[in-house]
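Peer 1: got a predicted structure here, sequence first:
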Amino acid sequence: PRPILLTRHGESLDNVRGRIGGDTVISDAGELYAKKLANFVEKRLKSERAASIWTSTLQRTIQSASPIVGFPKIQWRALDEINAGVCDGMTYEEIKKNMPEEYEARKKDKLRYRYPRGESYLDVIQRLEPVIIELERQRGPVVVISHQAVLRALYAYFADRPLKEIPHIEVPLHTIIEIQMGVSGVQEKRYKLMD
Ligand code: G3H
């Protein structure tokens, strides 16, 4: 059985400010997570050949991968965070205040709600299809460093969770979710590397 390790990027400056989307760098806490992640990955995958590290094209995931050495790294646009369109860079408070209809519509149906000029969860799920095909094809372990909305969808696929739950699955920061696919089904372990 080969593991798939799923993790969000280390805390970003926008995480600290409560802003969605964007392409900021990681915070000091995020940098610390990146180092802990590298340690973990190097120990966990030491004897594994054909392992690879996948990130999105956004700075915060690339930075989070950067202390990891010894494995090939691949950037996927399909692993980028859900595109919040006109709401990119806003806080949830600002959306609620300035675009109350959008806020309510999303609350009502978070799975199908599409940000104006952006994406819905269903859009994200669809664009992940080639990533999932490639993950299934890999012979070695894969470390996927991505974003909350994207990881909710990937996790749901492997953990066999229903579509309607996807937008509400908890994928905390600074935690590795290890998925093992064996003959007897899927096993999951979580490693919280910091608070
Ligand atoms: O920035 C986007 C968030 O990671 C996704 O969170 O879909 O719960 O608003 P949300």
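Peer 2: Okay, I see it.

Peer 1: what packs against the helix or strand harbouring V131?
Peer 2: Counting by DSSP states H and E, the element that carries V131 is helix 129-137. The contact analysis (3 or more C-beta pairs under 8 Å, 6 or more residues apart in numbering; DSSP states H and E) places helix 129-137 against helix 148-159. Using the backbone N, CA and C atoms, a C-beta is placed for each residue, glycine as well.

Peer 1: okay, now the unreliable bits of this structure?
Peer 2: Along the chain, the model assigns pLDDT under 70 to residues 1.

Peer 1: mind running it again at 90?
Peer 2: Confidence mapping of the chain against pLDDT under 90 gives the ranges 1-2, 46-49, 181-186, 195.

Peer 1: if we can go back for a sec, report the inter-axis angle for the helix holding V131 versus helix 148-159.
Peer 2: Angle, helix 129-137 to helix 148-159, by axes from the mean of the first three to the mean of the last three C-alpha atoms, to 10 degrees: 40 degrees.

Peer 1: output helix 129-137 as CSV, nothing but the C-alphas.
Peer 2: Only the C-alpha atoms of helix 129-137 are listed here, as CSV (Å, rounded to 0.1, in the frame of the first residue of the first chain):
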residue,chain,number,x,y,z
GLU,A,129,-10.6,14.8,-12.2
PRO,A,130,-7.3,14.7,-14.0
VAL,A,131,-5.4,15.1,-10.7
ILE,A,132,-7.4,12.1,-9.3
ILE,A,133,-6.7,10.0,-12.4
GLU,A,134,-3.0,10.8,-12.0
LEU,A,135,-3.0,10.1,-8.3
GLU,A,136,-4.5,6.7,-8.9
ARG,A,137,-1.9,6.0,-11.6
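
Peer 1: make 33 the starting number, not 1.
Peer 2: Sure thing, new numbering starts at 33, so read that last one as helix 161-169.

Peer 1: may I see the buried residues of that helix?
Peer 2: Buried residues in helix 161-169, defined by neighbour count with 16 or more other C-beta atoms under 10 Å: 163, 167.

Peer 1: next: stretch 116-125.
Peer 2: For stretch 116-125, a neighbour-count test (16+ other C-beta under 10 Å) marks 116, 119-120, 122 as buried.

Peer 1: that one spans what distance, first to last residue?
Peer 2: End-to-end distance of stretch 116-125 (C-alpha to C-alpha, to the nearest Å): 15 Å.

Peer 1: so which residues on the chain come close to the ligand?
Peer 2: 52-53, 113-114, 179-181, 199 (C-beta under 6 Å from any ligand atom).

Peer 1: most widely separated two among these?
Peer 2: Farthest pair in the residues of the chain next to the ligand (C-beta to C-beta) is G53 and P199. Separation: 15.8 Å.

Peer 1: sticking with Y145, tell me its helix or strand.
Peer 2: Assessed by DSSP H and E, Y145 sits outside every helix and strand.

Peer 1: residue contacts, it?
Peer 2: Y145 is in contact with 137-138, 152-153, counting by C-beta atoms under 8 Å, 6 or more residues apart in numbering.
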